[in-house]
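Novice: Mind folding the following:
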Amino acid sequence: MRHVVIGMVLGLTALPLIAAAEDDIVLRGMGSFHVGGRVVEVSGKPVRMIVRQPGGPLTKLDPNGQYMVEQMYVQYFLPRNRKGKWPLLMWHGGGLTGVSYESTPDGREGWLNMFVRKGWDVYVSDAVERGRAGFASPDVWPSEPIFLPYPDPFERFRIGDGEGSFSADPGKRKVLTGSQFPVEAYDNYMKQLVPRWLTTDNAIVAAYVALVDKVCPCVLLVHSQGATFAFQVAEQRPDKIKAIVAVESATAGNPDKAAALKATPTLMLFGDYVDAHPRWATFKRIDLAYADAVRAGGGSVDVVNLPDIGIKGNSHMMMQDKNNAAIADVIQQWLVGKGMTE
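Specialist: Predicted structure coming up:
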């Protein structure tokens, strides 16, 4: 099993430095922080008595007062031998968290490890409302979160062959021909899903802007809904975003502001069966129209349909597909070609 070698690299001089094998991940630092957020005031709510632990005493719960909300959680991993010129920020999709990049449902390495191995300072975040970022009470976010039942990602993320392809019986599930998704580990994938609110987009963008202001200039590697936010942030902070890799962006930015990306080379990646799926074909048309707007404003956008370069069977969750390493190599080669590495 590969291990993270920290030892004296982090100044832990009381511990012996473990000899690093060629494929070990050796870090000069790692950690986490929260960024963004705002303080809100709740008032006019009744005070009540509650038992906080079984068998404990009654204590007062006063919901009135100030709360911190809409912060974002970020984890970072800094390789000893850094090769990326700037940090690489990984932003996840809707109803997901940074776990998307950490590992795969069947236990293989994710893009987090792969890009640390390639020499990138990697920052993986849980956006506002997701995972360790936390969420606000209904007094602050009055709308309800949505949750995804078992068939939804299977049928919508191009794992199964469209509507009706999911079955509670794994042996009866209709998987797309040649699918690279680890369908045998679909149960584990469903454990990654988290609630999603539909009214927090502005708060999410504000937190991402705060992150960019804190750690960038940087390169963005973004997925689905996270790619939509990335384009909006790049329009606001074009001088801080050196490149964008958008993995099946679920819509893009504002075409009227696309010229802001004239100095931000962009790669748009699409997997298999996109054009045959009405939802993803629609998103792709929107993405390509935005790409045209960026080009019209003097920028450059490269579009790669993975099947066209011989990488086939990829779902919407291509960072977790069985050929995720091959796709990571495509991204790395593009970043190198754009001068993003030392």
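Novice: Okay, strands next: where are they in the protein?
Specialist: 4-5, 25-42, 48-51, 58-61, 65-79, 88-91, 122-126, 218-223, 241-247, 266-270, 301-305 (DSSP state E).
Novice: Serialize the ones you listed to TSV and add fields for distance to residue 233 and mean pLDDT.
Specialist: Backbone N, C-alpha and C define where each C-beta goes, glycine included. Below are the strands of the chain laid out as TSV (distance: least, Cβ to Cβ, whole Å; pLDDT from 0 to 100):
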stretch	distance to residue 233	mean pLDDT
strand 4-5	30	50
strand 25-42	12	97
strand 48-51	40	93
strand 58-61	38	94
strand 65-79	12	98
strand 88-91	9	98
strand 122-126	12	98
strand 218-223	8	98
strand 241-247	7	98
strand 266-270	13	98
strand 301-305	17	98
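Novice: Reformat those strands as JSON lines; add mean neighbour count and distance to residue 145.
Specialist: Output for these, formatted as JSON lines (neighbours: other Cβ atoms under 10 Å; distance: least, Cβ to Cβ, whole Å):
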{"stretch": "strand 4-5", "mean neighbour count": "16", "distance to residue 145": "34"}
{"stretch": "strand 25-42", "mean neighbour count": "16", "distance to residue 145": "18"}
{"stretch": "strand 48-51", "mean neighbour count": "10", "distance to residue 145": "23"}
{"stretch": "strand 58-61", "mean neighbour count": "10", "distance to residue 145": "22"}
{"stretch": "strand 65-79", "mean neighbour count": "19", "distance to residue 145": "14"}
{"stretch": "strand 88-91", "mean neighbour count": "27", "distance to residue 145": "20"}
{"stretch": "strand 122-126", "mean neighbour count": "25", "distance to residue 145": "15"}
{"stretch": "strand 218-223", "mean neighbour count": "26", "distance to residue 145": "20"}
{"stretch": "strand 241-247", "mean neighbour count": "25", "distance to residue 145": "24"}
{"stretch": "strand 266-270", "mean neighbour count": "24", "distance to residue 145": "29"}
{"stretch": "strand 301-305", "mean neighbour count": "17", "distance to residue 145": "34"}
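Novice: what about the ones you listed, which gets the closest to residue 154?
Specialist: strand 218-223 (17.7 Å; Cβ to Cβ).
Novice: Quick check, central residue of this protein?
Specialist: Central residue of the chain (Cα atoms, centre = their mean): residue 92, 1.6 Å from the mean position.
Novice: ok so, going back, now tabulate the strands of the chain in TSV and tack on distance to residue 260.
Specialist: Supplementary listing: the strands of the chain in TSV, determined by distance: least, Cβ to Cβ, whole Å:
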stretch	distance to residue 260
strand 4-5	38
strand 25-42	21
strand 48-51	50
strand 58-61	47
strand 65-79	22
strand 88-91	18
strand 122-126	22
strand 218-223	14
strand 241-247	9
strand 266-270	12
strand 301-305	13
